[in-house]
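**Student:** What shape does this take:
(chains A, B, C and D)
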4 protein chains.
Amino acid sequence: MAGYSSHKDDFLKRLRRVEGQIRGLQRMVEQDTYCIDVLTQVSAASRALQSFALQLLDEHIECCVRDAISEGGQEAGTKIREANRAIARLVRS
Amino acid sequence: MAGYSSHKDDFLKRLRRVEGQIRGLQRMVEQDTYCIDVLTQVSAASRALQSFALQLLDEHIECCVRDAISEGGQEAGTKIREANRAIARLVRS
Amino acid sequence: MAGYSSHKDDFLKRLRRVEGQIRGLQRMVEQDTYCIDVLTQVSAASRALQSFALQLLDEHIECCVRDAISEGGQEAGTKIREANRAIARLVRS
Amino acid sequence: MAGYSSHKDDFLKRLRRVEGQIRGLQRMVEQDTYCIDVLTQVSAASRALQSFALQLLDEHIECCVRDAISEGGQEAGTKIREANRAIARLVRS
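**Tutor:** A predicted model of the protein is given here:
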């Protein structure tokens, strides 16, 4: 089970919406839409992807990291370091 | 004509690759892939989208903004302000 | 005690280095340094500040959040939600 | 002359404010302020630095890049490529 398993439908809905935005971008490029309008749509898709990542991280900390710490043992430290690396990748991307 | 019209095929290829990444994310969620692995793939898609935006902005400045300034007149100022707003949106997103 | 208390000297050293970078920026502006060179230095200061934030968050999760979860009770949930909001602010800024 | 020379006082004032924020962060760390409160202040300083960078880039395009394009010749292309690299650094940092 992943941390987001109980919200799977919501997560898939969000991703399908992002996919729709990317297909919309393809139509814009095919129709030679003005650069600035394409860029505005790219920003919207980027923000949607970022929100998705933040919600995923949220569930991961709330479920997987929390469970590992509650159970104690070495797994807790591993999960914390792994989460910290994922946060750093997200902040820097 | 948009600033990217002469590179349209390359731009469409990049977008189709991002679309593939988003569909890959959907498969990962459907299969309850571990959160951290999903997040790594989200970062890759975000970076690809960011590179696309930067190349688009590049072409826009190289073509549309440059042409407007060369021709002079009011249009130059308008195009510069518009580009600056797009840059700010990109930096902040 | 804050999560970073055992690394306080290291944290202060990093901040003093960022302060030095900001003062360096002031000298550059006073001397009419070329815009692009100023921007390169701004990017360096931004990255230093971002690394500082990531290390701080790291210690916070490793100490404060971990302790709250280990002790259990309501405080755990509060600390997790608070950390998630801080991560979101960092990713979006 | 740099692109920002006519707004030098305003640019210096902004940088002194960021310096004040960084010194405030040092006091917070010295007093073992709670991690999350320190992080909130780091986000504020980061945003201030980002706004500074965007205004600087604004003036650079409005003055330096525009002048180079108006004058024509090789310098125009050089300035555009240089600006595009600076934008990419800013977006990625």
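
**Student:** just checking, what packs against the top helix by length along chain A?
**Tutor:** With DSSP state H setting the assignment, residue counts place helix A:35-60 as the longest helix in chain A. With contacts taken as 3 or more Cβ pairs under 8 Å, 6 or more residues apart in numbering or on different chains; DSSP states H and E, helix A:35-60 sits against helix A:8-30, helix A:74-92, helix B:35-60, helix B:74-92, helix C:74-92. No exception for glycine: its C-beta is placed from N, CA and C like everyone else's.

**Student:** The following helix or strand past the third one near chain D anywhere?
**Tutor:** Think helix B:35-60. Next helix or strand after helix B:35-60 toward the C-terminus (DSSP states H and E): helix B:66-71. Yes: using Cβ under 8 Å from any Cβ of the partner chain as the criterion, contacts between helix B:66-71 and chain D involve B:Arg66, B:Ile69, B:Ser70.

**Student:** ok, and the most crowded of these?
**Tutor:** Neighbour tally across these (other Cβ atoms under 10 Å in any protein chain shown): the maximum, 24 neighbours, falls on B:Ile69.

**Student:** And the pLDDT for A:Asp32?
**Tutor:** For A:Asp32, the model assigns a pLDDT of 95.

**Student:** wait, isn't it in contact with B:Met1?
**Tutor:** Yes: here A:Asp32 reaches B:Met1: they are 6.2 Å apart, a contact under Cβ atoms under 8 Å.

**Student:** and chain A, which residues reach chain C?
**Tutor:** Counting by Cβ under 8 Å from any Cβ, the residues of chain A close to chain C are A:50, A:53-54, A:57-58, A:61-62, A:66, A:69-70, A:72, A:76, A:80, A:83-84, A:87-88, A:90-92.

**Student:** and the spatially closest residue to A:Leu12 that is not a sequence neighbour, what does it touch?
**Tutor:** For A:Leu12, the nearest residue in space outside its immediate sequence neighbours is B:Val29; the separation is 5.6 Å by Cβ to Cβ, 6 or more residues apart in numbering or on different chains. Going by Cβ atoms under 8 Å, 6 or more residues apart in numbering or on different chains, B:Val29 touches A:Ala2, A:Tyr4, A:Lys8, A:Phe11, A:Leu12, A:Leu15, B:Val38.

**Student:** Would you list the buried entries among those?
**Tutor:** Buried members of those, scored by 16 or more other Cβ atoms under 10 Å in any protein chain shown, are A:Ala2, A:Tyr4, A:Phe11, A:Leu15, B:Val38.

**Student:** ok, back up a step: so for D:Ser43, which of the helices and strands packed on helix A:35-60 sits nearest?
**Tutor:** D:Ser43 lies closest to helix C:74-92 among the helices and strands packed on helix A:35-60, at 4.9 Å (Cβ to Cβ).

**Student:** Report pLDDT for A:Lys8.
**Tutor:** A:Lys8 is assigned a pLDDT of 95 by the prediction.

**Student:** ok, it - contacts?
**Tutor:** By Cβ under 8 Å, 6+ apart, the neighbours of A:Lys8 are B:Val29, B:Glu30, B:Asp32.

**Student:** Would you agree the second one is in contact with A:Phe11?
**Tutor:** No: B:Glu30 is not in contact with A:Phe11 according to Cβ under 8 Å; the separation is 9.6 Å.

**Student:** okay, and the common contacts of those two?
**Tutor:** Jointly contacting B:Glu30 and A:Phe11 under the rule Cβ under 8 Å, 6+ apart is no residue at all.

**Student:** closest point of chain A to chain C, which residue?
**Tutor:** For chain A, the nearest residue to chain C under the criterion Cβ to the nearest Cβ is A:Ile69, separated by 4.2 Å.

**Student:** okay, A:Met68: pLDDT?
**Tutor:** Quick fix: residue A:68 is Ala, not Met. We note a pLDDT of 95 for A:Ala68 in this prediction.
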